[in-house]
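Undergrad: Compute the structure for the input listed below.
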Amino acid sequence: MSIEVGGVVEGMVTGITKFGAFVDLADGKVGLVHISEVADVYVNDVKDFLKVGQKVKVKILNVDDHGKIGLSIKRLQPKKTEDSSDGASSPQFPRSPRRPPSNDFRAKSAPRFSAGPVSFEDKLSRFLKDSDERLTDLRRKTDSKRGGRGSRRG
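TA: Below is the predicted model:
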């Protein structure tokens, strides 16, 4: 079995570190599944998701000039949509604690996509307008915490 970028192979976890897990592949080659490529959820400890000796299917992300092989388990998992999430954890991975929702400024902005194609200039002008509005709001909030513009020292 050859190691090709984009291919899916099965291997065995041979070691776990704080930054990922080493997986033994065919022909005695070893690849690394980085902690960011273990699961779709936040991974604090790889040991919560993988065990030494566990067989896993991995996708080959890259092979560098020195023979290092980058792998991913996350990219083989089906993409979850917000509607299809039933709250159950997947059989391969236990549930990880979710982060609380942040006060994301993007949730308040206008829809980003329109029905027709948008030119680069339109996208740029929309970005500049949104950016200016956000900076104005930020300045207004910051100034109110400092006591307004009259309290600045010269």
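Undergrad: quick one: buried residues of stretch 29-43?
TA: By neighbour count on 16 or more other C-beta atoms under 10 Å, the buried set for stretch 29-43 is Gly31, Leu32, Val33, His34, Ile35, Glu37, Val38, Ala39, Val41, Val43. Any C-beta I mention is one placed from the backbone N, CA and C, and that applies to glycine too.
Undergrad: Look at the third one and give its secondary structure.
TA: Secondary structure assignment for Val33 (DSSP: H, G, I helix; E, B strand; the rest coil): strand.
Undergrad: and the buried residues of stretch 29-43 as TSV, adding pLDDT and distance to Val63?
TA: Below are these laid out as TSV (pLDDT from 0 to 100; distance: C-beta to C-beta, whole Å):
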residue	pLDDT	distance to Val63
Gly31	91	9
Leu32	93	11
Val33	93	14
His34	93	14
Ile35	92	20
Glu37	92	15
Val38	91	20
Ala39	90	23
Val41	90	27
Val43	89	23
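Undergrad: could these be laid out in CSV, adding distance to Phe22?
TA: Formatted as CSV, those follow (distance: C-beta to C-beta, whole Å):
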residue, distance to Phe22
Gly31, 7
Leu32, 6
Val33, 8
His34, 11
Ile35, 12
Glu37, 13
Val38, 12
Ala39, 17
Val41, 21
Val43, 16
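Undergrad: Between all of those, which two are separated the most?
TA: Greatest spatial distance among the buried residues of stretch 29-43 (C-beta to C-beta): Gly31 and Val41, at 21.9 Å.
Undergrad: ok so, going back, and which of the buried residues of stretch 29-43 is nearest Gly11?
TA: Closest to Gly11, out of all of those and judged by C-beta to C-beta, is Gly31, at 7.2 Å.
Undergrad: if you skip the residues just before and after it, what's nearest to that closest one?
TA: Ile69 (3.4 Å; C-beta to C-beta, 6 or more residues apart in numbering).
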